[in-house]
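*Asks:* How does the following fold in three dimensions:
(one chain, ligands or ions: 2)
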Amino acid sequence: MQTLAFFNITTTPLACMLSGGATNSRRQKPISAVAKLPPPTLRRHQITHSMPPEKVEVFKSLEPWASKHVLPLLKPVDKCWQPSEFLPDSTKPVNDFIDEVRALQDRTIGLPDEYFVVLVGDMITEEALPTYQTVLNSFDGVRDQTGASPSSWATWIRAWTAEENRHGDLLKTYLYLSGRVDMLMIERTVQYLIGAGCVRHGLENNPYLGFVYTSFQERATFVSHGNTARLAKEGGDPILARMCANIAADEKRHENAYVTIIEKLLEIDPNETMLAIGNMMRKKIVMPAHLMYDGRDPNIFEHFSYVANRLRIYTASDYADILEFLVGRWRLEKLEGLKSDGRCEQEFVCGLGARIRKLQERADERAEKVEPQRLKFSWIFNNHKMSNAKDVKFTLKVMINKQKSKVLFAEAGSDFVDVLLSFLTLPLGRIVMVLNDHYGDKTPAIGSLTTLYKGLSNLDDVHFPSMFDKFFCSVQKAQAHQKQNVIN
Ligand SMILES: [Fe+2]
Ligand SMILES: [Fe+2]
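*Replies:* Ligands and ions are numbered 1, 2, ... in the order given. Modelled structure (predicted):
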């Protein structure tokens, strides 16, 4: 199923125009200010059963066709890949298994935290699969009436779910073994998402709308998993690249099935189908994971989507590309047999791609002038702040006595102090300590490092997260620590 952000979640002015939501970075509240708010919920009054009852017959009559043209797009179980084929082999002796886990972890070194944010978001979306099966079974005329119905539509829904189930399993196990992410927070997010449901706007129990939605979604997923595969390869993890590429290939097959269904509906019932396509595109295709919540950040889906957009894994351009692909594949521009309302929707949908691109170009220009957001994700250990290194700016205020060439006062954020102190995590601090030991009061100064070292060793212990950090720099305490170790 679908994994990612659509055009309505970029943090650009376009996003707000198209989504109707307050996703603009300048309007978004800081996470700390909105933490602990309840998760997003579905609107209460949704339209239901919008398909005219007589249209149920259309789907009944299409059962033999679906059996011939849709079910063959599924793969037999013994021809499908399984997650264990890409993961460390737990049947091997324990040391070999651990070596394979270590190799997996080593392969992730070249992949930045931002990449993992997107991979986690993708995995969480895949893991909410029970919700998507529920939605498919809400469609009039195609639902699985018994849980094991032999109808073509029901067979498809169950087998599709079974194929999709491998996606979340594979990504989740990989992420767990990678050691790069906080599984507890991820698991909570999955539970919240399944509890929240799926599409806010609702698909009205209407398979015309539903299959337009799934056509779009499956292609979007194909695009985004394809891009995570490409980035994994570039980041030095060829096995992760193969995993994502195999998932993308499944999504492509699923896309083909849903697109074929709409193609058939356009052939036998063009006006109703054109109205459904127009209806969905006017609502905008929202992602099934847009109700995502981790218990902390009520805007986590927008933040995840922002990162996906920035890494070019799923962007507004992709949305326009998919729309234009579907317009071409369904030959909507040349569609005949439409009534006046159908022709109106035809004109709207066929011109929508160009309009989205134009708006996006303007939004991109404006976004370039806005400072990139710095985001935190509970899914990533230590709540790393997400931003491109080139985007980082430090602020430092300094009051200087020019006559005496002395700094009287300095004020900086913790980021700057972290960078400054990180110099001492190199052996430089040790070098200063050894020189101090050797030369005593006559220790030669090594630029500003000697001063930095002295200042640090004079700081009170409360300013250090652990005593180790203090020992690392303090001559007296380091020596005392060494003596203590000798005594012990
Ligand atoms: Fe899919
Ligand atoms: Fe999937």
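
*Asks:* what about the nearest residue to residue 73 once chain neighbours are set aside, neighbour count?
*Replies:* Leaving out its chain neighbours, the residue that sits closest to residue 73 by C-beta to C-beta, 6 or more residues apart in numbering is residue 257, at 4.4 Å. Where you see a C-beta, it was placed from the backbone N, CA and C, and this is true even at glycine. Per other C-beta atoms under 10 Å, the neighbour tally for residue 257 reads 21.

*Asks:* And the next helix or strand past the helix or strand where residue 257 lies?
*Replies:* Using DSSP states H and E, residue 257 maps to helix 238-268. Scanning forward in sequence from helix 238-268 by DSSP H and E, the next helix or strand is helix 270-283.

*Asks:* now the angle from that next one to helix 238-268?
*Replies:* Interaxial angle of helix 270-283 relative to helix 238-268 (axes from the mean of the first three to the mean of the last three C-alpha atoms, to 10 degrees): 140 degrees.

*Asks:* returning to what we had before: show me which residues of the helix holding residue 257 are buried.
*Replies:* 240-252, 254-262, 264-266 (16 or more other C-beta atoms under 10 Å).

*Asks:* Which ones, among those residues, also lie beside ligand 1?
*Replies:* 251, 254 (C-beta under 5 Å from the ion).

*Asks:* Sketch out the low-pLDDT regions of the stretch 301-450 of the chain for me.
*Replies:* Applying pLDDT under 70 to the stretch 301-450 of the chain flags the ranges 382-394, 414-415, 418, 422-430, 447.

*Asks:* what's the answer for the stretch 101-250 of the chain, then?
*Replies:* The model of the stretch 101-250 of the chain has pLDDT under 70 over residues 199-201.

*Asks:* Going along the chain, name the helices of it.
*Replies:* 113-127, 129-136, 152-178, 183-196, 207-234, 238-268 (DSSP state H, counting those that start in this stretch).

*Asks:* Against which helices or strands is the fifth one packed?
*Replies:* Yep, that's helix 207-234 we're talking about. helix 113-127, helix 129-136, helix 238-268, helix 270-283, helix 316-329 (3 or more C-beta pairs under 8 Å, 6 or more residues apart in numbering; DSSP states H and E).

*Asks:* now with 7 Å?
*Replies:* helix 113-127, helix 238-268, helix 270-283, helix 316-329 (3 or more C-beta pairs under 7 Å, 6 or more residues apart in numbering; DSSP states H and E).

*Asks:* and it, does that touch ligand 2?
*Replies:* No - if you take C-beta under 5 Å from the ion as the test, helix 207-234 misses ligand 2, and the best it gets is 5.5 Å.

*Asks:* Can you mark which positions in that helix are buried?
*Replies:* 207-232.

*Asks:* Can you say which of those residues are also within reach of ligand 1?
*Replies:* Okay, of the buried residues of helix 207-234 touching ligand 1 (C-beta under 5 Å from the ion), that's residue 218.

*Asks:* burial measure for whatever residue of the chain ends up closest to ligand 2, as a count.
*Replies:* Using C-beta to the ion, the closest approach of the chain to ligand 2 is made by residue 167 at 3.9 Å. Close neighbours of residue 167, defined as other C-beta under 10 Å, add up to 27.

*Asks:* my guess is it contacts residue 126, does it?
*Replies:* Yes - the pair residue 167 / residue 126 is scored as a contact, 4.3 Å apart, by C-beta atoms under 7 Å.

*Asks:* Now residue 397: which helix or strand?
*Replies:* strand 396-401.

*Asks:* ok now the next helix or strand after that strand, how far from the chain's centre?
*Replies:* Sequence-wise, the next helix or strand beyond strand 396-401 is strand 406-412, with elements assigned using DSSP H and E. Offset of strand 406-412 from its chain centre (C-alpha atoms, centre = their mean, to the nearest Å): 41 Å.

*Asks:* Could you dump the helices and strands packed on helix 207-234 into TSV and include distance to ligand 2?
*Replies:* Shown next, in TSV, are these (distance: least, C-beta to the ion, whole Å):
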stretch	distance to ligand 2
helix 113-127	5
helix 238-268	6
helix 270-283	20
helix 316-329	16
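
*Asks:* Is it correct that residue 377 is in contact with residue 118?
*Replies:* No - taking contacts as C-beta under 7 Å, residue 377 lies outside contact range of residue 118: 10.3 Å.

*Asks:* Comparing these two, which residue is more hemmed in?
*Replies:* residue 377 (28 against 25).

*Asks:* Please report phi then psi for that one.
*Replies:* phi -130, psi 130 (degrees, to the nearest 10).

*Asks:* Now it. Nearest residue, chain neighbours left out?
*Replies:* Counting by C-beta to C-beta, 6+ apart, the residue nearest residue 377 is residue 117, at 5.2 Å.

*Asks:* right, and that neighbour touches residue 307 too?
*Replies:* Yes - counting by C-beta under 7 Å, residue 117 does reach residue 307; the two are 4.9 Å apart.

*Asks:* Pull the residues that contact stretch 127-137.
*Replies:* By C-beta atoms under 7 Å, 6 or more residues apart in numbering, the residues outside stretch 127-137 that reach it are 1, 143-144, 157, 161, 164-165, 168, 172, 190, 193-194, 197-199, 203, 288-289.

*Asks:* if we go to 6 Å?
*Replies:* Stretch 127-137 is contacted from outside by 1, 143, 144, 157, 161, 164, 165, 168, 190, 193, 194, 198, using C-beta atoms under 6 Å, 6 or more residues apart in numbering.

*Asks:* Make CSV out of those residues and add neighbour count.
*Replies:* Output for the contacts of stretch 127-137, formatted as CSV (neighbours: other C-beta atoms under 10 Å):
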residue, neighbour count
1, 27
143, 18
144, 19
157, 21
161, 17
164, 21
165, 16
168, 22
190, 19
193, 24
194, 17
198, 24
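
*Asks:* out of those residues, who's nearest ligand 1?
*Replies:* Nearest to ligand 1 among those, with distances taken as C-beta to the ion, is residue 1, at 4.5 Å.

*Asks:* Going by neighbour count, list what's buried in the helix or strand residue 362 falls within.
*Replies:* Using DSSP H and E, residue 362 sits in helix 340-368. Applying a neighbour-count criterion of 16+ other C-beta under 10 Å, the buried positions in helix 340-368 are 342, 345-346, 349-350, 352-353, 356-357, 359-360, 363-364, 367.
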